[in-house]
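Student: Please find the sequence and the predicted model below.
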Amino acid sequence: MSRRLKVAVLFGGRSGEHEVSLESARSVMEALDPSRYEIIPVGITRNGAWIVGGDPLRALQDESFSESWPAAILPDPTRKGLNRLQVRQEEETRLSLLSRVDVVFPVLHGTFGEDGTVQGLLELANVPYVGAGVLASALAMDKIVFKHVCRDVGLPVVEGMPCTRRRWGREPEAVLAEIEARLTYPLFTKPANLGSSVGISKCHDRTELRAGLNEAARYDRRILVEVAVPAAREIEVSVLGNEAPTASVPGEILPSREFYSYESKYLDTGEDASGLLIPAPLDAALTEQLRAMAIKAYQAIDGAGMARVDFLLSGETGALYLNEINTIPGFTKISMYPKLWAATGVDYPSLLTQLIELALERHAENARSERVFRPSGE
């Protein structure tokens with residue numbers, strides 16, 4: 001029997017999506033095949049401390065860390081693995097190798113996890129990891145820059161304008177006047193770098209716009225204001241692969257509220273819960289257009305491993321807009337990303353296995369690049 005791969009699953013983190021990450025990680029760890037993988041749970045607290053030992057998932061939920069201890073992956077490829085931090089005195093910290101790590105599975109949504117920061121650490125450590133690299137993670141997380149990339153490759157996006165938190169704080173009346181001169185209500189206000197609809201507001205007038213900008217500014221120094229698509233239908237497509245990605249059947253969200261807010265995603269239950277239509281009720285031509293656009297957007301940012309690509313389809317005009325890409329989408333068993341692949345013929349455990357294999361494949365491809373340059377003649 002071949003040796004089981006050691007898979008470090010990262011979850012929690014310094015993000016407004018901390019709780020969502022815990023639920024995603026629970027599903028991932030329950031579904032990983034124990035005959036193929038040895039799971040190493042690694043929790044990251046709201047303050048950014050890494051913990052292992054005991055039950056890190058429960059420790060983060062209960063905020064009780066007595067059975068866990070500090071750990072770290074170092075940005076040093078000569079000390080590859082998960083290291084335990086041993087604090088003997090206030091001024092003395094020692095490292096000891098806790099476990100070799102074959103691949104890291106980040107299940108970190110939002111800032112300090114999905115935005116390229118953790119990916120950069122893992123690149124420095126020379127450890128394979130599931131999902132997009134530094135560039136794709138950063139581009140997809142930043143809603144403002146991502147839309148520039150979409151426009152550059154000819155993908156349609158909703159009209160909008162950016163604003164910084166500092167400018168909003170210094171000259172609010174000028175900002176409001178500029179937004180109203182350029183855009184038409186209703187509007188959405190969004191933090192530039194966050195997911196799970198955290199900090200997003202729909203604004204129908206200046207009073208709501210002011211409140212929406214204040215809410216978005218709580219979570220990011222950059223804010224995006226966008227025109228609301230009339231009678232918008234929310235369509236999502238899952239993408240899987242590295243340089244030759246494939247797209248799932250599309251699915252449609254039926255939000256329980258006016259838009260697909262955090263509350264409608266995670267808090268509304270029973271008869272009040274949001275609905276999913278899988279596959280989405282679309283004609284064959286539009287279905288294939290969505291799948292092709294999802295792959296085009298994925299390749300435009302140099303996506304790898306996985307992503308969920310979200311679209312807005314106007315129920316009034318039929319116009320289609322690319323809304324955003326999530327490089328670490330929700331991963332509970334009832335989340336759209338795995339459900340779309342299940343409807344396309346890839347079950348949840350097989351999906352996780354493919355993602356780990358894709359991580360190892362991409363790491364091996366990156367390892368082919370030479371890191372030392374010697375001019376000819378030396």
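Tutor: Alright, I've got the coordinates. Residues are numbered from 1 along each chain as shown.

Student: among the helices and strands of the protein, which has the poorest mean pLDDT?
Tutor: Ranked by mean pLDDT, DSSP states H and E, the weakest helix or strand in the chain is helix 262, scoring a mean of 53.

Student: Could I get the full set of helices for this structure?
Tutor: Remark: helices assigned in the chain by DSSP state H are 18-31, 56-62, 117-125, 134-141, 143-152, 165-170, 172-182, 206-217, 262, 284-300, 336-344, 348-367.

Student: Dump those into CSV; add mean neighbour count as well.
Tutor: For glycine as for every other residue, the C-beta is placed from the backbone atoms N, C-alpha and C. Converted to CSV, those look like this (neighbours: other C-beta atoms under 10 Å):
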stretch, mean neighbour count
helix 18-31, 21
helix 56-62, 19
helix 117-125, 19
helix 134-141, 22
helix 143-152, 17
helix 165-170, 14
helix 172-182, 14
helix 206-217, 18
helix 262, 17
helix 284-300, 18
helix 336-344, 22
helix 348-367, 17
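
Student: ranking those helices by mean pLDDT, which is last?
Tutor: For those, the weakest mean pLDDT is recorded on helix 262, namely a mean of 53.

Student: Tell me how far residue 62 lies from residue 11.
Tutor: 15 Å (C-beta to C-beta, to the nearest Å).

Student: who's in contact with the spatially most central residue of the chain?
Tutor: In the chain, the centroid-proximal residue (C-alpha atoms, centre = their mean) is residue 328; its distance is 3.2 Å. Residue 328 makes contact with 106, 107, 108, 109, 113, 114, 131, 132, 306, according to C-beta atoms under 8 Å, 6 or more residues apart in numbering.

Student: Make sure the second one is actually in contact with residue 26.
Tutor: No. The pair residue 107 and residue 26 fails to qualify as a contact (C-beta atoms under 8 Å) at a distance of 9.1 Å.

Student: quick one: common contacting residues for those two?
Tutor: Common contacts of residue 107 and residue 26 (C-beta under 8 Å, 6+ apart): none found.

Student: before we move on, the earlier item: from the contacts of residue 328, which two are the most distant?
Tutor: Across those, the longest distance by C-beta to C-beta is 14.4 Å; it joins 113 and 306.

Student: ok, residues contacting stretch 288-303?
Tutor: Contacts for stretch 288-303 (C-beta under 8 Å, 6+ apart): 132-133, 135-136, 139-140, 146, 149-150, 152-153, 155, 235, 237, 239, 245-250, 282, 307, 309, 311, 320, 322, 325, 327.

Student: what's the answer for stretch 43-58, then?
Tutor: Contacting residues not belonging to stretch 43-58 are listed as 10-14, 18, 22, 25-26, 29, 40-42, 59-60, 64-73, 82, 84, 98, 108, 112-113 [C-beta under 8 Å, 6+ apart].

Student: Could you identify the buried members of those residues?
Tutor: Buried subset of the contacts of stretch 43-58 (neighbour count, 16 or more other C-beta atoms under 10 Å): 10-14, 18, 22, 25-26, 29, 40-42, 59-60, 65, 68-73, 82, 84, 98, 108, 113.

Student: Check what pLDDT the residue lying closest to residue 112 once chain neighbours are set aside gets.
Tutor: Spatial nearest neighbour of residue 112, excluding adjacent residues (C-beta to C-beta, 6 or more residues apart in numbering): residue 14 at 4.4 Å. pLDDT, residue 14: 91.

Student: so who does residue 14 touch?
Tutor: When contacts are counted by C-beta under 8 Å, 6+ apart, residue 14 touches 44, 46, 47, 48, 111, 112, 113.

Student: now with 10 Å?
Tutor: 44, 45, 46, 47, 48, 49, 108, 110, 111, 112, 113, 117 (C-beta atoms under 10 Å, 6 or more residues apart in numbering).

Student: now, which of the residues you listed lie within strands?
Tutor: If you go by DSSP state E, these have residue 44 in strands.

Student: Kindly reformat the contacts of residue 14 as TSV containing distance to residue 172.
Tutor: Output for these, formatted as TSV (distance: C-beta to C-beta, whole Å):
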residue	distance to residue 172
44	35
45	35
46	30
47	32
48	32
49	37
108	33
110	26
111	25
112	29
113	32
117	31
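
Student: Of the contacts of residue 14, which is the nearest to residue 217?
Tutor: residue 111 (14.7 Å).

Student: distance of the closest residue to that closest one other than its chain neighbours from residue 170?
Tutor: Distances taken as C-beta to C-beta, 6+ apart put residue 15 closest to residue 111, at 4.8 Å, once the chain neighbours are dropped. To residue 170, residue 15 is 27 Å away according to C-beta to C-beta.

Student: And for residue 235?
Tutor: Note on residue 235: its distance to residue 170, by C-beta to C-beta, is 39 Å.

Student: same deal with residue 61?
Tutor: Counting by C-beta to C-beta, the gap from residue 61 to residue 170 is 40 Å.

Student: sorry, back to before: from the contacts of residue 14, which is closest to residue 221?
Tutor: residue 111 (11.4 Å).

Student: How about the contacts made by the closest one?
Tutor: When contacts are counted by C-beta under 10 Å, 6+ apart, residue 111 touches 13-17, 117, 141, 191, 193-195, 198, 219-220.

Student: which intervals of the stretch 201-350 of the chain have sub-threshold pLDDT?
Tutor: The stretch 201-350 of the chain contains residues with pLDDT under 70 at 256-274.

Student: Which stretches in it count as strands?
Tutor: Using DSSP state E, counting those that start in this stretch, the strands of the stretch 201-350 of the chain run over residues 201-203, 222-227, 232-241, 246-247, 251-254, 275-277, 305-314, 320-326.

Student: Which neighbouring elements make contact with the last one?
Tutor: It refers to strand 320-326. In terms of contacts (3 or more C-beta pairs under 10 Å, 6 or more residues apart in numbering; DSSP states H and E), strand 320-326 is packed against helix 134-141, helix 143-152, strand 222-227, strand 232-241, helix 284-300, strand 305-314.

Student: returning to that earlier point: closest to residue 255 out of the contacts of residue 14?
Tutor: residue 110 (20.1 Å).
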